[in-house]
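*Asks:* sequence? don't have it. structure:
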């Protein structure tokens with residue numbers, strides 16, 4: 001595919017179009033090893049080798065990142081007060097148009113997907129897809145087995161909203177694994193609150209059949225292939 005050099009750089013990095021043009025003028029860009037200073041040069045995204053500050057840029061129409069979201073950051077593209085998940089993304093992974101597909105509360109940790117593919121995010125968040133999400137909750141007191149039936153029956157929240165049938169499994173002590181297929185505001189915490197429990201900590205470990213990579217530490221992220229990203233749509237009817 002033929003593309004203007006400045007547009008290509010802007011699409012594959014966090015630089016704006018104007019910033020990409022300045023980088024080209026400042027001799028920071030090479031094409032096939034030769035410095036290029038004209039922003040309107042057209043390059044072949046399939047065969048030409050473009051480098052910015054010596055780092056090669058591989059053309060990707062869209063990207064899909066798995067992040068281990070830590071506590072204390074918000075799931076947003078920008079915020080005037082709080083640090084966002086994009087703020088903590090490593091510089092080498094940043095590019096224009098990234099956003100979190102879905103959200104986790106500020107104090108909730110675990111699996112979060114960042115992408116620039118709007119269609120993918122729309123499919124993932126669509127209620128019609130019934131994408132299952134799995135969490136590990138630590139409660140303020142040891143629960144009894146009645147919560148298993150409560151989750152299966154569908155819990156009525158404090159404001160009268162009724163949650164769809166979910167799954168719960170006691171993991172011992174105050175730890176509970178739950179699976180839900182909705183995304184109501186603070187849903188897991190509110191479900192437990194309706195049953196008389198307070199959630200001390202909450203971590204999302206799975207979306208569909210996509211599991212949080214155990215090699216990631218809180219705050220770290222890595223790129224996924226499109227096939228791996230599609231695992232969120234795989235059936236996930238295994239026990240929580």
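*Replies:* Looks like it came in fine. Since we're looking at a predicted model, the values are computed, not measured.
*Asks:* When you work out contacts or count neighbours from here on, use the C-alpha atoms and nothing else.
*Replies:* Will do.
*Asks:* Point out where this protein drops to low pLDDT.
*Replies:* Counting by pLDDT under 70, the low-confidence segments of the chain come to 235-240.
*Asks:* And it, split by domain according to the record?
*Replies:* As assigned by automatic domain parsing, the chain contains the domains 2-57, 64-127+209-233, 132-207.
*Asks:* Could you save those domains as JSON lines and add columns showing mean neighbour count?
*Replies:* Formatted as JSON lines, the domains of the chain follow (neighbours: other CA atoms under 10 Å):
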{"stretch": "domain 2-57", "mean neighbour count": "17"}
{"stretch": "domain 64-127+209-233", "mean neighbour count": "17"}
{"stretch": "domain 132-207", "mean neighbour count": "17"}
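*Asks:* Got phi/psi on the most far-flung residue of the chain relative to its centre?
*Replies:* Each residue of the chain has a distance to the centre, and by CA atoms, centre = their mean the biggest one is for residue 34: 36.8 Å. With angles defined as degrees, to the nearest 10, residue 34 sits at phi -110, psi 130.
*Asks:* Tell me the spacing between it and residue 78.
*Replies:* Remark: distance between residue 34 and residue 78 (CA to CA, to the nearest Å) = 37 Å.
*Asks:* Hmm, residue 229 is touching residue 212, no?
*Replies:* No - here residue 229 does not reach residue 212: they are 11.6 Å apart, not a contact under CA atoms under 8 Å.
*Asks:* show me what contacts the nearest residue to residue 39 once chain neighbours are set aside?
*Replies:* Take residue 39 and drop its neighbours on the chain: the residue closest to it by CA to CA, 6 or more residues apart in numbering is residue 6, 5.1 Å away. Counting by CA atoms under 8 Å, 6 or more residues apart in numbering, residue 6 touches 17, 20-21, 24, 39-40.
*Asks:* If we use 10 Å, what do you get?
*Replies:* Applying CA atoms under 10 Å, 6 or more residues apart in numbering to residue 6 gives the contacts 15-24, 29, 38-43.
*Asks:* Check residue 223 too.
*Replies:* Residue 223 neighbours (CA under 10 Å, 6+ apart): 63-67, 93, 113-115, 229.
*Asks:* Among those residues, which pair sits farthest apart?
*Replies:* Distances among those were taken as CA to CA; the most separated pair is 93 and 229, at 16.1 Å.
*Asks:* Partner strands of the helix or strand hosting residue 135, with direction?
*Replies:* Applying DSSP states H and E as the criterion places residue 135 in strand 133-139. If you go by DSSP bridges, strand 133-139 pairs up with strand 175-180 (antiparallel), strand 199-207 (antiparallel).
*Asks:* would TSV of these with distance to residue 160 be doable?
*Replies:* Shown next, in TSV, are the strands paired with strand 133-139 (distance: least, CA to CA, whole Å):
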stretch	distance to residue 160
strand 175-180	18
strand 199-207	20
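*Asks:* wait, which of those is closest to residue 59?
*Replies:* Shortest separation from residue 59 across the strands paired with strand 133-139 is recorded for strand 199-207, at 27.2 Å, computed as CA to CA.
*Asks:* For the helix or strand that the closest one is followed by, which helices and strands make contact with it?
*Replies:* Using DSSP H and E, the helix or strand that follows strand 199-207 in sequence is strand 210-211. Other helices and strands packing on strand 210-211, by 3 or more CA pairs under 10 Å, 6 or more residues apart in numbering; DSSP states H and E, are strand 109-115, strand 133-139, helix 226-229.
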